[in-house]
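Undergrad: Fold the following, please.
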Amino acid sequence: MQSELRKKLLDAFTNAGDSYLSGQAVAELLGCSRTAVWKHIEELRKEGFQLEAVRRKGYRILHTPDRMTEDEIRLGLKTSFIGRNIDYQESTGSTQKIAHQLSNDDAPEGTVVVAEEQVSGRGRMDRKWHSPKYTGIWMSIILRPNILPARAPQLTLLAAVAVVQAMEEVTGLVPEIKWPNDILINGRKVTGILTELQAEADRINSVIIGIGINVNQESFPEEIEQTATSLLIEKGEAVSRTELIKSVFAHLEKLYSIYLENGFLPIKLLWESYAVSIGKTLKARTLTSVIEGRALGITDDGVLKIEDKDGVIHQVYSADIEL
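TA: Okay, the predicted model is just below:
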(Lines give C-alpha, C1' and ligand atoms only; values in the text may rest on other atoms or scores of the structure.)
Protein backbone atom coordinates (compact mmCIF):
# COMPACT_ATOMS: atom_id res chain seq x y z
CA MET A 1 0.00 0.00 0.00
CA GLN A 2 2.80 2.37 0.93
CA SER A 3 4.45 1.81 -2.44
CA GLU A 4 1.23 2.52 -4.35
CA LEU A 5 0.72 5.79 -2.47
CA ARG A 6 4.28 6.81 -3.25
CA LYS A 7 3.74 6.04 -6.94
CA LYS A 8 0.63 8.21 -6.98
CA LEU A 9 2.49 11.06 -5.26
CA LEU A 10 5.42 10.99 -7.70
CA ASP A 11 3.09 10.73 -10.69
CA ALA A 12 1.29 13.81 -9.37
CA PHE A 13 4.58 15.75 -9.08
CA THR A 14 5.49 14.59 -12.59
CA ASN A 15 2.21 15.87 -14.02
CA ALA A 16 2.50 19.14 -12.08
CA GLY A 17 5.88 20.01 -13.61
CA ASP A 18 7.02 23.34 -12.14
CA SER A 19 3.62 24.05 -10.62
CA TYR A 20 2.85 23.62 -6.93
CA LEU A 21 0.76 20.78 -5.51
CA SER A 22 -1.41 21.84 -2.59
CA GLY A 23 -1.41 19.68 0.50
CA GLN A 24 -5.17 19.33 0.24
CA ALA A 25 -4.99 18.19 -3.39
CA VAL A 26 -2.36 15.60 -2.50
CA ALA A 27 -4.40 14.41 0.49
CA GLU A 28 -7.45 13.92 -1.72
CA LEU A 29 -5.41 12.15 -4.38
CA LEU A 30 -3.85 9.75 -1.90
CA GLY A 31 -6.97 9.40 0.23
CA CYS A 32 -5.11 10.31 3.41
CA SER A 33 -4.80 13.14 5.94
CA ARG A 34 -2.69 16.29 5.56
CA THR A 35 -0.47 14.90 8.33
CA ALA A 36 0.12 11.73 6.30
CA VAL A 37 0.99 13.91 3.27
CA TRP A 38 3.60 15.71 5.33
CA LYS A 39 5.10 12.34 6.34
CA HIS A 40 5.37 11.29 2.68
CA ILE A 41 7.07 14.58 1.85
CA GLU A 42 9.55 14.10 4.69
CA GLU A 43 10.36 10.59 3.43
CA LEU A 44 11.21 12.05 0.03
CA ARG A 45 13.46 14.62 1.69
CA LYS A 46 15.30 11.84 3.54
CA GLU A 47 15.97 10.17 0.20
CA GLY A 48 17.66 13.33 -1.08
CA PHE A 49 14.81 15.13 -2.84
CA GLN A 50 14.82 18.92 -2.40
CA LEU A 51 11.25 20.14 -2.00
CA GLU A 52 9.96 23.67 -1.67
CA ALA A 53 6.94 24.28 0.56
CA VAL A 54 5.10 27.59 0.13
CA ARG A 55 2.13 28.52 2.27
CA ARG A 56 -1.18 28.57 0.36
CA LYS A 57 0.55 27.15 -2.72
CA GLY A 58 1.81 23.75 -1.65
CA TYR A 59 4.84 21.70 -2.61
CA ARG A 60 7.08 21.31 -5.62
CA ILE A 61 10.29 19.36 -6.25
CA LEU A 62 13.36 21.51 -6.93
CA HIS A 63 16.04 18.82 -7.21
CA THR A 64 16.25 15.05 -7.28
CA PRO A 65 19.28 13.03 -6.11
CA ASP A 66 21.35 11.10 -8.65
CA ARG A 67 20.44 7.76 -7.22
CA MET A 68 18.34 5.21 -8.99
CA THR A 69 15.72 4.15 -6.50
CA GLU A 70 12.22 3.49 -7.73
CA ASP A 71 11.15 6.98 -6.63
CA GLU A 72 13.82 8.84 -8.59
CA ILE A 73 13.15 6.81 -11.72
CA ARG A 74 9.38 7.15 -11.47
CA LEU A 75 9.47 10.96 -11.22
CA GLY A 76 9.07 12.19 -14.80
CA LEU A 77 8.88 8.70 -16.34
CA LYS A 78 7.08 8.87 -19.70
CA THR A 79 6.34 5.21 -20.38
CA SER A 80 3.20 3.13 -20.04
CA PHE A 81 4.79 -0.16 -18.93
CA ILE A 82 8.61 -0.27 -19.10
CA GLY A 83 9.96 0.82 -15.72
CA ARG A 84 6.53 1.04 -14.10
CA ASN A 85 7.40 -1.95 -11.93
CA ILE A 86 10.93 -1.73 -10.48
CA ASP A 87 12.91 -4.06 -8.26
CA TYR A 88 15.64 -1.86 -6.77
CA GLN A 89 18.79 -3.38 -5.30
CA GLU A 90 21.48 -1.43 -3.47
CA SER A 91 23.90 -4.26 -4.22
CA THR A 92 23.37 -7.62 -5.86
CA GLY A 93 25.23 -10.40 -7.58
CA SER A 94 23.49 -10.04 -10.94
CA THR A 95 20.32 -8.25 -12.02
CA GLN A 96 19.85 -10.97 -14.66
CA LYS A 97 19.51 -13.65 -12.01
CA ILE A 98 16.88 -11.67 -10.11
CA ALA A 99 15.00 -10.92 -13.33
CA HIS A 100 14.85 -14.63 -14.15
CA GLN A 101 13.35 -15.29 -10.73
CA LEU A 102 10.79 -12.49 -11.10
CA SER A 103 9.88 -13.71 -14.56
CA ASN A 104 9.21 -17.18 -13.21
CA ASP A 105 6.96 -15.55 -10.60
CA ASP A 106 4.90 -13.92 -13.39
CA ALA A 107 6.26 -10.38 -13.03
CA PRO A 108 4.48 -8.09 -15.52
CA GLU A 109 6.06 -7.14 -18.82
CA GLY A 110 8.26 -4.09 -18.48
CA THR A 111 9.47 -5.02 -14.99
CA VAL A 112 13.00 -3.73 -14.43
CA VAL A 113 15.63 -4.90 -11.96
CA VAL A 114 18.09 -2.08 -11.31
CA ALA A 115 21.12 -2.17 -9.00
CA GLU A 116 23.52 0.45 -7.74
CA GLU A 117 26.21 -2.24 -7.75
CA GLN A 118 26.69 -5.72 -9.21
CA VAL A 119 29.34 -7.89 -7.61
CA SER A 120 28.97 -10.71 -10.16
CA GLY A 121 27.96 -8.80 -13.27
CA ARG A 122 28.53 -10.67 -16.52
CA GLY A 123 28.36 -10.20 -20.25
CA ARG A 124 28.35 -12.56 -23.21
CA MET A 125 30.16 -15.88 -22.79
CA ASP A 126 30.10 -15.33 -18.99
CA ARG A 127 32.74 -12.60 -19.15
CA LYS A 128 32.92 -10.46 -16.01
CA TRP A 129 31.32 -7.02 -16.23
CA HIS A 130 32.84 -4.26 -14.06
CA SER A 131 29.86 -2.74 -12.20
CA PRO A 132 31.03 -0.39 -9.40
CA LYS A 133 28.63 1.37 -7.05
CA TYR A 134 26.87 4.65 -7.91
CA THR A 135 28.65 5.07 -11.25
CA GLY A 136 26.71 3.26 -13.93
CA ILE A 137 23.39 1.77 -14.96
CA TRP A 138 23.16 -1.95 -14.26
CA MET A 139 19.73 -3.32 -15.08
CA SER A 140 17.65 -6.13 -16.56
CA ILE A 141 14.31 -5.68 -18.32
CA ILE A 142 11.61 -8.34 -18.68
CA LEU A 143 9.73 -8.42 -21.99
CA ARG A 144 7.08 -10.92 -23.05
CA PRO A 145 6.73 -10.58 -26.84
CA ASN A 146 4.36 -12.79 -28.80
CA ILE A 147 7.01 -13.86 -31.33
CA LEU A 148 8.75 -17.09 -32.22
CA PRO A 149 11.86 -17.91 -30.14
CA ALA A 150 14.08 -17.72 -33.25
CA ARG A 151 13.34 -13.99 -33.49
CA ALA A 152 14.45 -13.19 -29.92
CA PRO A 153 18.02 -12.12 -30.91
CA GLN A 154 16.47 -9.21 -32.82
CA LEU A 155 15.58 -7.68 -29.46
CA THR A 156 19.30 -7.35 -28.66
CA LEU A 157 19.71 -5.12 -31.72
CA LEU A 158 16.54 -3.21 -30.82
CA ALA A 159 17.85 -2.56 -27.31
CA ALA A 160 21.17 -1.31 -28.71
CA VAL A 161 19.36 1.25 -30.88
CA ALA A 162 17.29 2.40 -27.88
CA VAL A 163 20.41 2.92 -25.75
CA VAL A 164 22.22 4.84 -28.51
CA GLN A 165 19.20 7.11 -29.05
CA ALA A 166 18.96 7.76 -25.30
CA MET A 167 22.67 8.60 -25.07
CA GLU A 168 22.38 11.04 -27.97
CA GLU A 169 19.36 12.68 -26.37
CA VAL A 170 20.83 13.05 -22.88
CA THR A 171 24.53 13.67 -23.61
CA GLY A 172 24.85 14.90 -27.21
CA LEU A 173 27.56 12.29 -27.78
CA VAL A 174 27.57 10.13 -30.94
CA PRO A 175 27.81 6.43 -30.01
CA GLU A 176 28.17 3.60 -32.52
CA ILE A 177 27.10 -0.04 -32.40
CA LYS A 178 29.46 -2.97 -32.93
CA TRP A 179 27.54 -6.09 -33.85
CA PRO A 180 25.70 -7.48 -32.10
CA ASN A 181 25.55 -5.84 -28.70
CA ASP A 182 28.45 -3.49 -27.92
CA ILE A 183 28.07 0.29 -27.95
CA LEU A 184 31.26 2.25 -28.57
CA ILE A 185 32.32 5.88 -28.30
CA ASN A 186 35.57 6.78 -30.01
CA GLY A 187 36.29 3.08 -30.44
CA ARG A 188 35.93 2.18 -26.76
CA LYS A 189 33.15 0.19 -25.16
CA VAL A 190 30.64 2.12 -23.08
CA THR A 191 27.74 -0.36 -23.00
CA GLY A 192 27.16 -4.08 -23.19
CA ILE A 193 23.83 -5.83 -23.75
CA LEU A 194 23.01 -9.45 -22.88
CA THR A 195 19.73 -11.05 -23.98
CA GLU A 196 18.54 -14.29 -22.39
CA LEU A 197 15.49 -16.33 -23.25
CA GLN A 198 12.92 -18.25 -21.25
CA ALA A 199 11.00 -20.23 -23.84
CA GLU A 200 9.39 -23.45 -24.95
CA ALA A 201 9.80 -24.97 -28.41
CA ASP A 202 7.25 -22.71 -30.08
CA ARG A 203 6.63 -19.82 -27.70
CA ILE A 204 8.48 -17.28 -25.60
CA ASN A 205 7.74 -16.95 -21.91
CA SER A 206 10.06 -13.99 -21.51
CA VAL A 207 13.06 -12.23 -22.96
CA ILE A 208 15.35 -10.73 -20.33
CA ILE A 209 17.55 -7.92 -21.60
CA GLY A 210 20.52 -7.06 -19.42
CA ILE A 211 22.08 -3.64 -20.03
CA GLY A 212 25.25 -2.28 -18.45
CA ILE A 213 26.13 1.36 -19.16
CA ASN A 214 29.35 3.02 -17.98
CA VAL A 215 28.10 6.47 -17.00
CA ASN A 216 30.24 8.30 -14.45
CA GLN A 217 33.33 6.13 -13.96
CA GLU A 218 36.56 8.14 -13.91
CA SER A 219 38.81 5.11 -14.42
CA PHE A 220 38.78 1.36 -15.07
CA PRO A 221 40.77 -1.70 -13.95
CA GLU A 222 44.07 -2.12 -15.74
CA GLU A 223 42.88 -5.11 -17.78
CA ILE A 224 40.16 -3.07 -19.52
CA GLU A 225 41.40 0.52 -19.31
CA GLN A 226 42.47 0.51 -22.98
CA THR A 227 39.14 -0.81 -24.27
CA ALA A 228 36.51 0.68 -21.92
CA THR A 229 35.22 4.21 -21.50
CA SER A 230 32.40 6.09 -19.77
CA LEU A 231 30.08 8.91 -20.68
CA LEU A 232 31.85 11.13 -18.11
CA ILE A 233 35.23 10.48 -19.72
CA GLU A 234 33.90 11.18 -23.22
CA LYS A 235 31.75 14.19 -22.34
CA GLY A 236 34.07 15.69 -19.75
CA GLU A 237 31.32 16.07 -17.15
CA ALA A 238 29.02 13.91 -15.08
CA VAL A 239 25.80 12.65 -16.63
CA SER A 240 22.52 12.18 -14.77
CA ARG A 241 21.96 8.45 -14.51
CA THR A 242 18.28 8.88 -13.70
CA GLU A 243 17.65 11.00 -16.79
CA LEU A 244 19.53 8.52 -18.95
CA ILE A 245 17.72 5.46 -17.62
CA LYS A 246 14.32 7.13 -18.13
CA SER A 247 15.32 8.03 -21.68
CA VAL A 248 16.38 4.43 -22.35
CA PHE A 249 12.99 3.21 -21.11
CA ALA A 250 11.13 5.69 -23.34
CA HIS A 251 13.10 4.83 -26.49
CA LEU A 252 12.95 1.10 -25.78
CA GLU A 253 9.18 1.14 -25.32
CA LYS A 254 8.67 3.14 -28.52
CA LEU A 255 10.91 0.87 -30.62
CA TYR A 256 9.42 -2.27 -29.08
CA SER A 257 5.92 -1.12 -30.04
CA ILE A 258 7.11 -0.37 -33.60
CA TYR A 259 8.72 -3.81 -33.76
CA LEU A 260 5.59 -5.66 -32.62
CA GLU A 261 3.42 -3.74 -35.08
CA ASN A 262 5.72 -3.60 -38.13
CA GLY A 263 8.33 -6.32 -37.73
CA PHE A 264 12.11 -6.04 -37.70
CA LEU A 265 12.71 -3.98 -40.87
CA PRO A 266 12.35 -0.50 -39.26
CA ILE A 267 14.71 -1.59 -36.46
CA LYS A 268 17.16 -3.07 -38.98
CA LEU A 269 17.40 0.24 -40.85
CA LEU A 270 17.98 2.18 -37.63
CA TRP A 271 20.56 -0.33 -36.40
CA GLU A 272 22.54 -0.15 -39.64
CA SER A 273 22.55 3.66 -39.48
CA TYR A 274 24.41 3.44 -36.14
CA ALA A 275 26.65 0.46 -37.00
CA VAL A 276 30.39 1.07 -36.84
CA SER A 277 31.32 -2.03 -38.83
CA ILE A 278 29.20 -1.75 -42.00
CA GLY A 279 31.50 -1.53 -45.05
CA LYS A 280 34.62 -2.17 -42.98
CA THR A 281 36.98 -5.13 -42.96
CA LEU A 282 36.77 -7.16 -39.77
CA LYS A 283 37.39 -10.53 -38.20
CA ALA A 284 34.57 -12.62 -36.77
CA ARG A 285 35.79 -15.24 -34.31
CA THR A 286 33.16 -17.95 -33.93
CA LEU A 287 33.45 -21.07 -31.79
CA THR A 288 34.76 -23.05 -34.76
CA SER A 289 36.46 -20.63 -37.16
CA VAL A 290 37.69 -17.12 -37.97
CA ILE A 291 35.98 -15.29 -40.83
CA GLU A 292 37.72 -12.23 -42.25
CA GLY A 293 36.12 -9.89 -44.76
CA ARG A 294 33.95 -6.86 -45.36
CA ALA A 295 30.77 -6.40 -43.31
CA LEU A 296 27.84 -5.95 -45.68
CA GLY A 297 25.14 -5.36 -43.09
CA ILE A 298 22.60 -7.58 -41.37
CA THR A 299 19.87 -9.80 -42.75
CA ASP A 300 16.16 -9.27 -42.08
CA ASP A 301 16.65 -11.65 -39.15
CA GLY A 302 19.55 -9.64 -37.65
CA VAL A 303 22.33 -12.00 -38.80
CA LEU A 304 25.64 -10.37 -39.75
CA LYS A 305 26.73 -10.74 -43.39
CA ILE A 306 30.47 -10.82 -44.19
CA GLU A 307 31.97 -11.07 -47.68
CA ASP A 308 35.42 -12.69 -47.71
CA LYS A 309 38.25 -12.05 -50.20
CA ASP A 310 36.88 -14.75 -52.52
CA GLY A 311 33.49 -13.09 -52.73
CA VAL A 312 31.78 -15.70 -50.54
CA ILE A 313 29.13 -14.23 -48.24
CA HIS A 314 29.06 -15.72 -44.75
CA GLN A 315 26.17 -15.37 -42.34
CA VAL A 316 27.40 -15.00 -38.77
CA TYR A 317 24.98 -15.81 -35.96
CA SER A 318 27.33 -15.47 -32.99
CA ALA A 319 30.94 -14.27 -32.83
CA ASP A 320 33.45 -11.89 -31.31
CA ILE A 321 34.10 -9.06 -33.73
CA GLU A 322 37.53 -7.45 -34.19
CA LEU A 323 37.64 -4.25 -36.24
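Undergrad: residues touching the closest residue to Arg188 other than its chain neighbours, list them.
TA: Distances taken as CB to CB, 6 or more residues apart in numbering place Thr229 nearest to Arg188, at 3.8 Å, with adjacent residues excluded. In this view, the C-beta of every residue, glycine as well, is placed from N, C-alpha and C. Going by CB atoms under 8 Å, 6 or more residues apart in numbering, Thr229 touches Ile185, Asn186, Arg188, Lys189, Val190, Asn214.
Undergrad: so where is the stretch 201-323 of the chain shaky, pLDDT-wise?
TA: Along the stretch 201-323 of the chain, no part satisfies pLDDT under 70.
Undergrad: buried ones in whatever helix or strand Thr35 lives in?
TA: Using DSSP states H and E, Thr35 maps to helix 34-46. Of all the residues in helix 34-46, those buried under the rule 16 or more other CB atoms under 10 Å are Val37, His40, Ile41, Leu44.
Undergrad: So the second one sits against Leu9, correct?
TA: Yes. Under the criterion of CB atoms under 8 Å, His40 is in contact with Leu9, at a separation of 5.6 Å.
Undergrad: Which residues are in contact with each of these two?
TA: With CB under 8 Å, 6+ apart, His40 and Leu9 have common neighbours Val26, Leu30.
Undergrad: before we move on, back to that, need the contacts of Thr229 in TSV (columns: neighbour count and secondary structure).
TA: Below are the contacts of Thr229 laid out as TSV (neighbours: other CB atoms under 10 Å; DSSP: H, G, I helix; E, B strand; the rest coil):
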residue	neighbour count	secondary structure
Ile185	22	strand
Asn186	12	coil
Arg188	18	strand
Lys189	18	strand
Val190	27	strand
Asn214	27	coil
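Undergrad: among those, which two are most distant?
TA: The span of the contacts of Thr229, defined through CB to CB, is set by Asn186 and Asn214 at 12.9 Å.
Undergrad: where does Lys305 land in three-state SS?
TA: strand (DSSP: H, G, I helix; E, B strand; the rest coil).
Undergrad: Kindly apply the preceding question to Val174 instead.
TA: Here Val174 is recorded as coil under three-state DSSP.
Undergrad: Please determine how far the closest residue to it other than its chain neighbours is located from Glu176.
TA: Leaving aside its sequence neighbours, Val174 sits nearest to Glu168 (CB to CB, 6+ apart; 6.8 Å). Distance of Glu168 to Glu176, computed by CB to CB, to the nearest Å: 11 Å.
Undergrad: Thought Arg60 was touching Asp18, still the case?
TA: Yes. Under the contact definition of CB under 8 Å, Asp18 touches Arg60, with a separation of 6.7 Å.
Undergrad: And those two? Which one has more around it.
TA: Using other CB atoms under 10 Å, the more surrounded residue of Asp18 and Arg60 is Arg60, with 17 against 7.
Undergrad: What ranges does this protein have for its helices?
TA: Remark: helices assigned in the chain by DSSP state H are 2-16, 23-30, 34-46, 70-74, 95-104, 154-171, 231-235, 241-262, 265-274.
Undergrad: CSV for these, including distance to Tyr88?
TA: Output for the helices of the chain, formatted as CSV (distance: least, CB to CB, whole Å):
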stretch, distance to Tyr88
helix 2-16, 11
helix 23-30, 21
helix 34-46, 15
helix 70-74, 5
helix 95-104, 10
helix 154-171, 20
helix 231-235, 22
helix 241-262, 12
helix 265-274, 29
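Undergrad: wait, which of those helices is closest to Ser206?
TA: Ser206 lies closest to helix 95-104 among the helices of the chain, at 4.3 Å (CB to CB).
Undergrad: what packs against that closest one?
TA: Contacts defined by 3 or more CB pairs under 8 Å, 6 or more residues apart in numbering; DSSP states H and E place helix 95-104 against strand 86-89, strand 112-115, strand 137-143, strand 188-199, strand 204-213.
Undergrad: Run the angle between it and strand 137-143 for me.
TA: For helix 95-104 against strand 137-143, the angle by axes from the mean of the first three to the mean of the last three CA atoms, to 10 degrees is 20 degrees.
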